[in-house]
Structures are given as structure tokens and as C-alpha cells.
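**Q** I would like the atomic coordinates for the input below:
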Amino acid sequence: MSISIVILAAGKGSRMKSTTPKVLHEISGKSMLFHAIDAGQKISDDITVVLYHQAARVQEAIEAEYQNVNFHMQDVEQFPGTGGAMKGVTTKYEKTLILNGDMPLITQNSLLALTGGEADINMSVIKLDNPDGYGRVLIDNEKVQEIVEQKDCNEAQLKTKTVNAGIYCVNTELLNRYIPLLSNDNAQEEYYLTDIVKMAVDENRTVSPIYVEEEEFKGVNSKFDLAEAEIIMQDRLKKELMAMGVTMRFPDTIYIDCRASFEGESILENGVTILGASKLINAHIKTNSIIENSIIENSDVGPMGRIRPLSHLKDTHVGNFVEVKKSTLTGVKAGHLAYIGDASIDEGSNIGAGVITCNYDGKAKHKTIIGKNVFVGSDCQLVAPINIEDDVIVAAGTTLNKDVKKGSLAITRTALKILPDFFYKFFGK
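**A** Down below sits the predicted model:
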């Protein structure tokens, strides 16, 4: 790898209207900055993130997920602007690729296109049918001649449809020489990174335009932008998964975390949500079910099922309105209306409607262990910690607070009383 990468992530992001730093807002389960880091790590082992706004919080979040990422604190008071952000940044390779932390849709292929060739500077450009509001990039003989802000364009320049996408790959020696020369003698009193293009042209250096897709270089500056980027990311993920063999019913209604993985031939019905680093292997997830940080293997869930984190279902049927949390179910049937938490249930066992594992005593969580071929009837409460051995029947309506030995029947029921004509006595009829 002979490319260094600098990711600019210092901005306040005031248009997000949020106390969360802009670059930490999530798209498909991962902070938008992390999407940029992921793309960068595919082509470089020298990545520097430039920080300022809530720098400690952003750095802590990065360090929790990544190793070997460098940090540079922007001195925004003295050096505001994109050019100011680069003052004092050092990189170790011959070329430096400068990215923005709020561009989560960028891909490895686009980064590679920007780093190729022999030009002193490669800059990303987009052709827009309506370039209104953008600075124009003037190109002659496939070389960038000038970047002109719209307010400074003459009539001919306004017709130019090529605009700056804001990403640059620069000869590092040249970058180190140009950055100290940047001036803030402009209306905003900021140091602009775009000025290095003018410096290069003035020295007859080669500045090559690299045409890129608008979608990939979309910046996220507001909650609306965030929502649009989410749609694009979801479309990408689903197309890749369907190409791998995943079946989706009405995919626009399905949400899939980018950390999730699939094997075999799974089916996702409409309204399904897959969260976290879930793993689905030949799974059938039915309408409006939620899977979160769990493994679903040769099993079906739902409709309206909820599998909470750290669960593992194998060869299991979980039906409607069943919630499973931090449990391992192997060869189990839990057809409807049950809560299974902090449990281990072995093959051949059946969990009836209305069954609850009472795993929390107000201070701590406790484990429920159920063996093979156990039949738990409807409306039972299993008060943990408890161990139910193989081949046990737990009769409907039982509240169980003791271990049960193999082959037993467990039943707790009070004697039935029937009082004739009580209805009429009670209501006075």
C-alpha cells in the first residue's frame, strides 16, 4: 500500500440538530465515519482522522472499533476551514488521499480510481444536469484549469456542468509544500483546500479530473440527507444479498444492518428487521419479526417474533409473539405468546402458549435449563434458576420453582370450586 489517507471529521454539523457529532450518526448500523474508514482500510494502512468538534467522543468511538488509526486535532481557532484542517497533518506515503467523514457511500473502487495515474493531483468531479449552487470545475485537454465559485462565474462558465466533489489525491511532497502557503484572505476568512489546485495549475503541475458518481460522493449534512443515504445503503446491501441467494418479499420494507451476514438460502418476508452482527443460515424470518445480534440456523421465526441479542436458534420454530433473549434453542418448538430469557433448551422440547421464564429477581438474571423432549404446557411460569431434566411434562398453568428430575410430571393447581347461582347473588338478580 503506497497511499496515505486523511479523513476530515472536525465539523460541528449544526444542520443535523443533534448533540451527537455528525460523523457518528449511523447508517445501516454503523457510524457514517466508520463507513469511510472501512473503505479507506481496503487500500491503505496509514489513515489519519482530523478531529475538533467533540474530538474526545469521536476518538473514543473510533478506538473502540479500530486499531492503527492516527488522529490529528485541528486548531480551528487559528486555522478554520478545510485547508486549515490539513495544517500540521503528516502522512508517510508518496500520495495522500483526502476524504470527508460525512461521505459514507464511497466505495473501494472509487478510491482506487482517485489514486491512479501520474498526475500531481487527482480531484473528484461530478457532471450534473443542474449544477446550480456549485462551484464549476473548468477543464481543458483533460486537465483541470480552475475552480470558479458560482458567484464568480461569467455567462459561459455558468453553462459548465462539471462541479467539484470535494475529494483529492495529492502528491504528498506537493501537499506538504502547499498547505503552509494557504491564505485566509477571503470573505469567510477560512483556509480552503481548493486553493492547492490553483497553486498546482500556476506551477504547471498536472491536475486530473476523475469523474465519479454523484451517489457515492453525497455528503450528509442533515437528518434528511441521513435518511437518503440510508435508503441508498440499504438498496446496495439488499442487491448484494439477493445476488447471493437471499429471498426478500417487498425488500423496500426490510431493514438489514450492514454488519449482518447470511449463508445458504434464507427468506426474509416483508417488514423484517435484522440488527447488529446477526448471522442467518438457511433461515426463514416471517413478517414483521426482529432479529438482533443473534444466530438463526435452519430455523424459522415469526410472524411478529422478536429475537434479542446473544440468542442462538438451531433447527427451531419460534412462532408469532414469541420473544427470545440471550438463549440457546436447539430443535425446539415455541409456537406462540411466550417469553424465553437466559435459557438453554434442548432438542425435541415444546414450549406452550403463555410460558414465561422468570429470569430476573429484581437484582440479577438467572438461568433456565430445559433438557430434551420436555413438554411445557400453556401458561406456565418457570422461576429461575431452575433445571428441568429430559422427558419431563410440566402441566398447563404450573408455577415451577424447583428442579425436576427426568421422566417426571410437574403440576401445581388448586382445587376447582363451583358455586351454583353465585352470578345472581353477586349482581342481585
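
**Q** give me the low-pLDDT residue ranges for this protein?
**A** 1, 429 (pLDDT under 70).

**Q** could you list the domains of it?
**A** As given by automatic domain parsing, the domain ranges for the chain are 3-211, 223-410.

**Q** how about these, which one is nearest Phe422?
**A** Among those, domain 223-410 comes nearest to Phe422, with 22.0 Å by C-beta to C-beta. The C-beta positions use only the backbone N, C-alpha and C, and glycine is treated the same way.

**Q** in what helix or strand does Gln59 lie?
**A** Using DSSP states H and E, Gln59 sits within helix 55-65.

**Q** what's the first helix or strand after that helix?
**A** Heading C-terminal from helix 55-65, the first helix or strand you meet, by DSSP H and E, is strand 69-73.

**Q** format the domains of the chain as JSON lines; extra columns: mean neighbour count.
**A** Below are the domains of the chain laid out as JSON lines (neighbours: other C-beta atoms under 10 Å):
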{"stretch": "domain 3-211", "mean neighbour count": "18"}
{"stretch": "domain 223-410", "mean neighbour count": "19"}
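
**Q** let me have those in JSON lines, extended by distance to Lys417.
**A** Shown next, in JSON lines, are the domains of the chain (distance: least, C-beta to C-beta, whole Å):
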{"stretch": "domain 3-211", "distance to Lys417": "55"}
{"stretch": "domain 223-410", "distance to Lys417": "15"}
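
**Q** among these, which is nearest Phe217?
**A** Phe217 lies closest to domain 3-211 among the domains of the chain, at 4.2 Å (C-beta to C-beta).

**Q** the closest one: end-to-end distance?
**A** 20 Å (C-alpha to C-alpha, to the nearest Å).

**Q** and it, how far out from the chain middle?
**A** On the basis of C-alpha atoms, centre = their mean, to the nearest Å, domain 3-211 sits 23 Å off its chain's mean C-alpha point.

**Q** other SSEs contacting the longest helix along the chain?
**A** Criterion DSSP state H: the longest helix present in the chain is helix 223-243. Contacting helix 223-243 under the criterion 3 or more C-beta pairs under 8 Å, 6 or more residues apart in numbering; DSSP states H and E are the following elements: strand 26-27, helix 32-41, strand 247-248, strand 255-256.

**Q** make CSV out of these and add distance to Gly331.
**A** As requested, those are exported to CSV (distance: least, C-beta to C-beta, whole Å):
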stretch, distance to Gly331
strand 26-27, 36
helix 32-41, 37
strand 247-248, 24
strand 255-256, 27
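
**Q** just so I know, which of these lies nearest Ser14?
**A** helix 32-41 (16.1 Å).

**Q** wait, His336 sits on Val318?
**A** No. The criterion here is C-beta atoms under 8 Å, and His336 misses it with Val318 at 9.3 Å.

**Q** which parts of this protein are helices?
**A** Listed in chain order, the helices of the chain (DSSP H) span 32-41, 55-65, 81-85, 108-115, 155-158, 172-178, 195-202, 223-243, 422-427.

**Q** can you dump the C-alpha atoms of the fifth one in CSV for me?
**A** As requested, C-alpha coordinates have been extracted for helix 155-158 and formatted as CSV (Å, rounded to 0.1, in the frame of the first residue of the first chain):
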residue,chain,number,x,y,z
GLU,A,155,-22.0,33.6,-18.5
ALA,A,156,-20.0,30.9,-20.4
GLN,A,157,-18.7,29.4,-17.2
LEU,A,158,-22.2,29.1,-15.7
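
**Q** ok, residues contacting it?
**A** The contact list for helix 155-158, computed with C-beta atoms under 8 Å, 6 or more residues apart in numbering, reads Arg136, Leu138, Val148, Gln150.

**Q** test my guess that the last one contacts Tyr134.
**A** Yes. Checked against C-beta under 8 Å, the pair Gln150 and Tyr134 is within contact range at 6.5 Å.

**Q** what about the closest residue to Ile139 other than its chain neighbours, distance to Pro131?
**A** Take Ile139 and drop its neighbours on the chain: the residue closest to it by C-beta to C-beta, 6 or more residues apart in numbering is Pro209, 5.4 Å away. Pro209 sits 14 Å away from Pro131, taking C-beta to C-beta, to the nearest Å as the criterion.
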